[in-house]
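>>> give me coordinates for this.
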Amino acid sequence: MAQTHDDLNAKAFSLQPGYDETLVRAEFAELMPLRTVIIYCFDPRASGIPDAVARDLGDVWPGEAVTDAGGEIIGTTTSVLNVVVAGGRALDALRSITVAQHLLGVENIAVVHHTHCGATSYTAEGIVKAWQEEQGVDISETYPRESLCISDYVASVEHDARLIRNAPGTPRHVNVHGYVYDIDNGELTRILEDRGTA
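Numbering: from 1, shown residues only. I've put the predicted structure just below:
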């Protein structure tokens with residue numbers, strides 16, 4: 001049976017009596033040791049990316065759920081937070097980076113593009129034209145062209161790393177890592193490492 005509106009809202013932290021945002025943030029950071037945000041593509045063939053990046057950065061993946069005495073899940077042992085978006089492009093992940101820092105604090109952000117990605121099968125102009133012809137909608141001003149497709153792996157990773165580094169919602173102290181993941185053999189190639197500042 002589906003839960004009611006009130007049942008669902010009873011599970012919202014900010015609607016609880018005595019809610020204290022500062023305290024809740026501190027509890028989240030303690031119970032969820034997520035230190036690395038990994039941005040990658042929603043292509044199911046790219047599902048090995050979190051494990052590969054976790055190994056490279058010394059993170060815990062997939063980890064285990066932490067439960068309280070009543071059996072309710074209250075935390076995790078994983079240190080990886082996955083942000084899964086089309087093409088693994090950073091533009092779609094910027095808000096998630098800001099929220100992750102606010103709730104949990106982060107040390108690393110990894111942007112990972114993968115070989116044989118669907119985002120390499122079209123051009124920015126091609127998708128804009130197709131949307132106009134097939135959907136009757138002009139998306140030419142909706143998204144920056146540089147973030148619509150991937151035509152050069154190194155250039156796209158470098159672009160996304162700059163976008164992340166220069167975003168107001170990215171903390172200056174975090175390290176930004178860029179990779180390309182080969183879906184044929186699971187090999188992770190580091191393209192860049194931009195160390196954060198104190």
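>>> host element of Ile74?
strand 73-76 (DSSP states H and E).
>>> for Thr170, same thing?
With DSSP H and E as the test, Thr170 turns up in no helix or strand.
>>> in contact with it, which residues are there?
94, 97-98, 101, 109, 164, 176 (C-beta atoms under 8 Å, 6 or more residues apart in numbering). The C-beta positions use only the backbone N, C-alpha and C, and glycine is treated the same way.
>>> please indicate which of those residues are buried?
Buried members of these, counted by 16 or more other C-beta atoms under 10 Å: 94, 97, 101, 109, 164, 176.
>>> restricted to helices, list these.
94, 97, 101, 164 (DSSP state H).
>>> sec struct for the residue positioned nearest the centre of the chain, please.
The residue lying closest to the centre of the chain (C-alpha atoms, centre = their mean) is Val83, at 2.4 Å. The three-state assignment at Val83 reads strand, by DSSP: H, G, I helix; E, B strand; the rest coil.
>>> that one is in contact with Ala93, isn't it?
Yes. Here Val83 lies in contact with Ala93, judged by C-beta atoms under 8 Å, at a distance of 4.4 Å.
>>> returning to what we had before: contacts for the strand holding Ile74?
Here strand 73-76 has contacts from 30-34, 63-68, using C-beta under 8 Å, 6+ apart.
>>> of all those residues, which two lie farthest apart?
Taking C-beta to C-beta as the measure, these span a maximum distance of 18.9 Å, between Leu34 and Asp68.
>>> between the two, point out the one with more neighbours.
For the pair Leu34 and Asp68, the greater number of neighbours falls to Leu34 (23 against 10), based on other C-beta atoms under 10 Å.
>>> wait, the more buried one sits on Leu104?
Yes. Counting by C-beta under 8 Å, Leu34 does reach Leu104; the two are 4.9 Å apart.
>>> picking up where we left off before, the strand holding Ile74: how far from the chain's middle?
How far strand 73-76 lies from its chain's middle: 20 Å, per C-alpha atoms, centre = their mean, to the nearest Å.
>>> same thing with stretch 142-157?
17 Å.
>>> picking up where we left off before, which single one of the ones in helices among the buried ones among the contacts of Thr170 is nearest to Arg172?
Nearest member of these to Arg172, counting by C-beta to C-beta, is Gln101, at 10.8 Å.
>>> next, the residue nearest to that closest one when sequence neighbours are not counted: phi, psi?
With sequence-adjacent residues excluded and distances taken as C-beta to C-beta, 6 or more residues apart in numbering, Gln101 is closest to Pro171, at 5.3 Å. Main-chain torsions, Pro171, degrees, to the nearest 10: phi -60, psi 140.
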